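A.B. asks: Okay, predicted coordinates and the sequence, questions at the end:
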Amino acid sequence: MKVSALTLVRHRRDHLINLMLSLDAQTQRPDELIIAWMQEEPETGLPETRFPVRHVMVEGDALPLAKARNAAVNAAAFEALIFLDVDCIASPTLVARYHDALAARPALYIGEVHYLPADAVRRHEDGTLDLARLATLGERHPARPAIEEDEIRGEPDHGNLWGLSFALMRQDHQRAGGMDEGYRGYGGEETDYAWRLAAASVPLYWVGGALAWHQHHAMYAPPWPHFEAIIANARRFYARWEQWCMEYWLNQFQQAGAIRWSPASTGIEIVRHPTQEEIAAARLPTSARYG
């Protein structure tokens, strides 16, 4: 069984290079990498790899994440799909562990992600990544379980889909209807996708040994830069499922007086938009690994 690795990129050149280097250093390399570009043209000067790299251009001013993921799937040559966020660096056994899990039982699989501090990534003199350093510096998110390297653990709540790193078969992606391209910008599309997969009876499992390290980037709490997209996507999710997603962020907006909303609400009323001062003040220090 051959495997297509898929990633989405908008102005993350250095992170993409590190992801590509980590995929080339796998114990079992992917059979191809599909890069869905959410920008005007691909980056140049990318590293050579021992697997083919193919490029897909995806139009959209707002982050067209769902559209880009569907485009990457459509471009993939193989049935086994590994989705990796461009901010990820794959540990050496990630592809092999996802491959073996899918070969044993088609399902939706998610691997652990450990978060790196700023300036964590180093390279050896030969240009390869210093993975031992990442293993030392990576930190598990406190809301996520620890998984043994040889473990496959069932997860009953599809809401725990980890959009940074997951794998499934193309037929299951298609059976769920793919990702809803009506979600535009940041937020909500992954949870909707997870629930669509649950409705299509695709089981969810954690898979050990498929660790990825998350490269640091600027973060905001509350996520004011994505305010309008989060509100629009939360409304779209509620219209389909009659439940809210992204409640943590919606509660932050509500506490800041920007919206009128509660978990028992049937709608969201925008009271005001964030100011530039609020957006700047919400940027987390470089010591923060996750929001």
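C.D. replies: Perfect, thanks for sending it.
A.B. asks: Would you check how far apart H173 and H214 are?
C.D. replies: The spacing between H173 and H214, counted by Cβ to Cβ, to the nearest Å, is 23 Å. For the C-beta atoms, the positions are set from N, CA and C on the backbone; glycine is no exception.
A.B. asks: Relative to C88, how far out is the residue nearest the centre of the chain?
C.D. replies: Taking Cα atoms, centre = their mean as the criterion, L164 is the residue nearest the geometric centre of the chain, at 2.6 Å. Per Cβ to Cβ, L164 is found 6 Å from C88.
A.B. asks: starting at the chain centroid, how far to stretch 230-244?
C.D. replies: Here stretch 230-244 shows a centroid-to-chain-centroid distance of 19 Å under the convention Cα atoms, centre = their mean, to the nearest Å.
A.B. asks: Go through that stretch and flag the buried ones.
C.D. replies: 230-234, 236-238, 244 (16 or more other Cβ atoms under 10 Å).
A.B. asks: now for these, which pair is the farthest apart?
C.D. replies: Across the buried residues of stretch 230-244, no pair lies farther apart than A232 and W244, at 13.4 Å, counting by Cβ to Cβ.
A.B. asks: which helices and strands sit right next to the helix or strand harbouring Y193?
C.D. replies: Following DSSP states H and E, one finds Y193 within helix 189-199. The helices and strands touching helix 189-199, judged by 3 or more Cβ pairs under 8 Å, 6 or more residues apart in numbering; DSSP states H and E, are helix 65-75, strand 204-207, helix 227-241.
A.B. asks: any chance of these in JSON lines, plus mean pLDDT and distance to K2?
C.D. replies: Formatted as JSON lines, the helices and strands packed on helix 189-199 follow (pLDDT from 0 to 100; distance: least, Cβ to Cβ, whole Å):
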{"stretch": "helix 65-75", "mean pLDDT": "97", "distance to K2": "15"}
{"stretch": "strand 204-207", "mean pLDDT": "98", "distance to K2": "18"}
{"stretch": "helix 227-241", "mean pLDDT": "97", "distance to K2": "34"}
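A.B. asks: Save those as TSV, and put in distance to Y193 too.
C.D. replies: Shown next, in TSV, are those (distance: least, Cβ to Cβ, whole Å):
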stretch	distance to Y193
helix 65-75	8
strand 204-207	12
helix 227-241	11
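A.B. asks: closest to R196 out of those?
C.D. replies: Among the helices and strands packed on helix 189-199, the nearest to R196 by Cβ to Cβ is helix 227-241 (9.1 Å).
A.B. asks: Tell me which residues touch the closest residue to E41 other than its chain neighbours, please.
C.D. replies: Residue nearest to E41 in three dimensions, not counting chain neighbours: M57, with 7.8 Å by Cβ to Cβ, 6 or more residues apart in numbering. Taking Cβ atoms under 8 Å, 6 or more residues apart in numbering, we find M57 in contact with 37, 41-42.
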